[in-house]
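Colleague: Okay, sequence plus prediction incoming.
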Amino acid sequence: HRLVLSLTGDDQDEETKHIRELVGARAAGVVIVPTEAPRRATVQLLKHVPHVQLLRKAPSVGDTWFGIDDAESLGQATAHLAALGHRRVGYVGGSVKLSTGAQRLASFQQGCKRAGIRDDRYVRVGEPTRKFGAQGIRELLSLSPAPTAVVSGAVNITLGMVEAVQAMALEIPAKLSLVG
């Protein structure tokens, strides 16, 4: 057996190209992290190979999916920070055009509501990249008053946030709590 990893950079054309190549090579199966709206050609190609969605859910791709429970994990993160006494809690996450971005933001907001935290100034959403993570945390920390804790909605965003916080010489968790 062979394992092939194809990175699309969330580009729909690249996604279609890679799926076409996998189907043409008679892949035994495909694990796909779909773009926000896979092209019709991608959906048609996937009908010819067993496949499962990982993390993101695109209804056009089918129902078979596995990933993390975004509602539970973001709810627990927010509740944990509130239990520590944080009242200014920020969020930096992926685009709400992505199923994961939308679910994680909604879960964060629900967690804040349950904890009695209501301040949308501390929310930033964008591309799930290190660059955006760094940009988002810098924007939040420039606010007055700045958040005392921040939840990340994506792995690469977390990496960018940590790099930016380290570059600012802020001590975690003494000066800022991060959950990612």
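Modeller: Received it, and whenever you're ready, just let me know what you need.
Colleague: Read off the pLDDT value for the residue nearest the centre of the chain.
Modeller: With distances taken as C-alpha atoms, centre = their mean, Ala154 lies nearest the centre of the chain, 3.4 Å away. The model reports Ala154 with a pLDDT of 93.
Colleague: pretty sure Arg56 contacts Pro34?
Modeller: Yes - if you go by C-beta atoms under 8 Å, Arg56 and Pro34 touch, sitting 5.3 Å apart. The way it works is simple: take the backbone N, C-alpha and C, and place the C-beta from them, glycine included.
Colleague: of those two, who's got more company?
Modeller: Between Arg56 and Pro34, counting by other C-beta atoms under 10 Å, Pro34 is the more crowded of the two (28 against 20).
Colleague: partners of the helix or strand of the chain with the lowest mean pLDDT in the sheet?
Modeller: Here the helix or strand of the chain ranked lowest by mean pLDDT, DSSP states H and E is strand 65-66, holding a mean of 88. As defined by DSSP bridges, the strand partners of strand 65-66 come to strand 51-54 (parallel).
Colleague: For the strand it pairs with, which outside residues touch it?
Modeller: Contact partners of strand 51-54, identified using C-beta atoms under 8 Å, 6 or more residues apart in numbering, comprise 29-34, 61-62, 64-67.
Colleague: and with 10 Å instead?
Modeller: 19, 22-23, 27, 29-34, 38, 45-46, 59, 61-67, 99 (C-beta atoms under 10 Å, 6 or more residues apart in numbering).
Colleague: Which among those residues count as buried?
Modeller: Taking 16 or more other C-beta atoms under 10 Å as the criterion, what is buried in those is 19, 22-23, 27, 30, 32-34, 38, 45-46, 61-62, 65, 99.
Colleague: which ones are touching Arg56?
Modeller: Residues in contact with Arg56 (C-beta under 10 Å, 6+ apart) are 10, 32-36, 65, 67, 94, 98-101, 103.
Colleague: again, only this time at 8 Å
Modeller: Listed by C-beta under 8 Å, 6+ apart, the contact set of Arg56 reads 33-34, 67, 98-100.
Colleague: Just the mean pLDDT for the following helix or strand past the least confident helix or strand of the chain, thanks.
Modeller: The helix or strand immediately downstream of strand 65-66 is helix 70-83, counting by DSSP states H and E. The average pLDDT for helix 70-83 rounds to 90.
Colleague: other SSEs contacting the strand ranked longest in the chain?
Modeller: Assignment by DSSP state E gives strand 89-94 as the longest strand of the chain. Here strand 89-94 touches helix 70-83, helix 99-114, strand 123-126, helix 130-141, strand 149-152, helix 155-167, going by 3 or more C-beta pairs under 8 Å, 6 or more residues apart in numbering; DSSP states H and E.
Colleague: Many thanks, I have nothing further to ask.
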